[in-house]
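> need a structure here:
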Amino acid sequence: MLEILNPTVLTLNINGEDREVLTKPSDTLLYTLRAKLGLTGTKPGCENGDCGACTVLIDGWPIKSCLMLTVEAIGKKVLTIEGLKNAPIQKAFVENFAFQCGYCTSGFLMVCHSLSKIHPDANDTVIQEWLQSNLCRCTGYAEIEDAIKSILTGRV
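So this is what the prediction gives:
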């Protein structure tokens, strides 16, 4: 019984490359990304799934990494903010001033990137539903909505 509690080396596909990591069965993906792999762009916030600061993409879908165990990511493609290189949504956030303090930005970028891929023709209702998964304490929602709309309409 004690054997299952011991750390194990896992291979995870992170940002397009296979990475080996020593992890315990109880480690969350958020902890593994930050503490074990040094990918600190994924932010801890509430650590109970409410704020979305820890959002990453799993096989293209936004997931709160504080709620996912590392072992659940085996065989899946994990995309963190560090792997989101030169995506149109990044330029849209800059051009629309869609951030203030920046703490929530990586989570919102991941959600918006996924939204633009999964629902490229999203209407206002779909956009608002997707943005509800994340919180911005600086109230930058209008600018974030403008940024995603600029992607969906091809203005960026």
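
> mind giving me the domain split of this protein?
Listed domain ranges for the chain are 2-82, 88-152 (source: automatic domain parsing).

> Just the buried residues of the lengthiest helix in the chain, please?
For the chain, the helix that runs over the most residues, judged by DSSP state H, is helix 105-118. Within helix 105-118, the residues that count as buried by 16 or more other Cβ atoms under 10 Å are 105-116. All C-beta spots, glycine's among them, are computed from the backbone N, C-alpha and C.

> same check, this time on stretch 14-21
14-15, 19, 21.

> likewise stretch 117-133?
Buried-residue list, stretch 117-133, by 16+ other Cβ under 10 Å: 122, 127, 130-131, 133.

> Mind checking the pLDDT average for it?
Computed over stretch 117-133, the mean pLDDT rounds to 96.

> Number the chain from 50, please
Sure thing, new numbering starts at 50, so read that last one as stretch 166-182.

> is it true that Leu201 touches Ile167?
No. With contact defined as Cβ atoms under 8 Å, Leu201 does not count as touching Ile167 (11.4 Å).

> on that earlier part again, can I get the buried residues of stretch 166-182 in a markdown table with distance to Leu79 and secondary structure?
What follows is these, written out as a markdown table (distance: Cβ to Cβ, whole Å; DSSP: H, G, I helix; E, B strand; the rest coil):
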| residue | distance to Leu79 | secondary structure |
| --- | --- | --- |
| Ala171 | 27 | coil |
| Ile176 | 26 | helix |
| Trp179 | 20 | helix |
| Leu180 | 21 | helix |
| Ser182 | 15 | coil |
